[in-house]
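Participant: Coordinates for the following, if possible.
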Amino acid sequence: MIDKSSHHAGLWLCLFLILLAVASRLLPHPPNFTPLAALGLFSGAYLQVRKYWLVPVAALLLSDLVIGFYQPVAMIFVYSGFILCAFLGRALLHERRTPLTLGGATLSGSVIFFIISNLGDWLTGLNYPRTGQGLIECYTMAIPFFRNTLAGDLFYVACLFGIYDICARMIWRLRTAPGT
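Facilitator: Coordinates of the predicted model:
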């Protein structure tokens with residue numbers, strides 16, 4: 001059973017991460033260089049809150065309220081991509097986190113988001129014809145954005161998981177220090 005203080009700490013962490021992700025989307029940044037996939041992986045890996053997958057969704061929704069909404073079909077696919085990152089974090093990183101599993105989960109999350117979000121763009125029919133050739137063109141035109149997606153995901157995964165690990169070790173040392 002989770003005690004109330006750790007439940008509240010988890011909720012505060014969720015809120016802090018959501019606000020941090022919103023701020024990062026509102027500040028100038030290269031296209032697709034955002035912490036949202038990393039946030040999904042992190043929330044899936046660490047948060048005990050049952051609805052951990054809502055963390056990236058809340059960050060997207062709050063920032064989209066400011067930035068502006070876009071084509072609903074595309075939005076559903078973008079949001080779904082980040083929800084899948086949270087499920088990926090739960091499946092691959094909740095029990096065990098090593099540099100190899102973090103790297104694999106990050107790469108997998110980037111690829112999943114690339115495939116799903118661009119499929120949604122193609123399905124709207126706004127930018128590419130809904131044909132086989134249109135689908136190929138959609139994915140081909142998205143390749144340059146994938147570099148930023150992967151770079152952002154790697155950077156933010158390193159930051160989120162690294163900072164959390166450093167803080168957890170410091171807290172453990174303080175709690176186990178002689179005289180405490």
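
Participant: Can you tell me the centre-most residue of the protein?
Facilitator: Ala37 (2.0 Å; C-alpha atoms, centre = their mean).

Participant: pretty sure that one contacts Ser110?
Facilitator: Yes: using C-beta atoms under 8 Å, Ala37 is in contact with Ser110, at 6.5 Å. Backbone N, C-alpha and C define where each C-beta goes, glycine included.

Participant: what sits in contact with each of these two?
Facilitator: Common neighbours of Ala37 and Ser110 (criterion: C-beta atoms under 8 Å, 6 or more residues apart in numbering): Thr149, Asp153.

Participant: so where's this structure shaky on pLDDT?
Facilitator: For the chain, applying pLDDT under 70 flags the ranges 1-10, 180.

Participant: Longest helix in it, please.
Facilitator: With secondary structure taken from DSSP state H, the chain has its longest helix at helix 132-176.

Participant: Show me what that helix is packed against.
Facilitator: Packed against helix 132-176 by the contact rule (3 or more C-beta pairs under 8 Å, 6 or more residues apart in numbering; DSSP states H and E) you find helix 36-46, helix 99-124.

Participant: most packed of the ones you listed?
Facilitator: Highest mean neighbour count of the helices and strands packed on helix 132-176: helix 36-46, a mean of 28 (counted as mean count of other C-beta atoms under 10 Å).

Participant: Which residue comes closest to Ile67 once chain neighbours are left out?
Facilitator: Arg25 (6.7 Å; C-beta to C-beta, 6 or more residues apart in numbering).

Participant: My error: substitute Val66 in the last question.
Facilitator: Excluding its sequence neighbours, the residue lying closest to Val66 (C-beta to C-beta, 6+ apart) is Leu26, at 6.1 Å.

Participant: OK, contacts around the one you found?
Facilitator: With C-beta under 8 Å, 6+ apart, Leu26 has these contacts: Ser63, Val66, Ile67.

Participant: any idea how far Phe114 is from it?
Facilitator: Using C-beta to C-beta, to the nearest Å, Leu26 is found at 23 Å from Phe114.

Participant: swap in Ile67?
Facilitator: 20 Å.

Participant: now Ala37
Facilitator: In terms of C-beta to C-beta, Ala37 sits 10 Å off from Phe114.

Participant: Identify the contacts common to the two.
Facilitator: Joint contacts of Ala37 and Phe114 (C-beta under 8 Å, 6+ apart) are Thr149.

Participant: returning to that earlier point: nearest to Trp12 among the contacts of Leu26?
Facilitator: Nearest to Trp12 out of the contacts of Leu26 is Ser63 (C-beta to C-beta; 19.7 Å).
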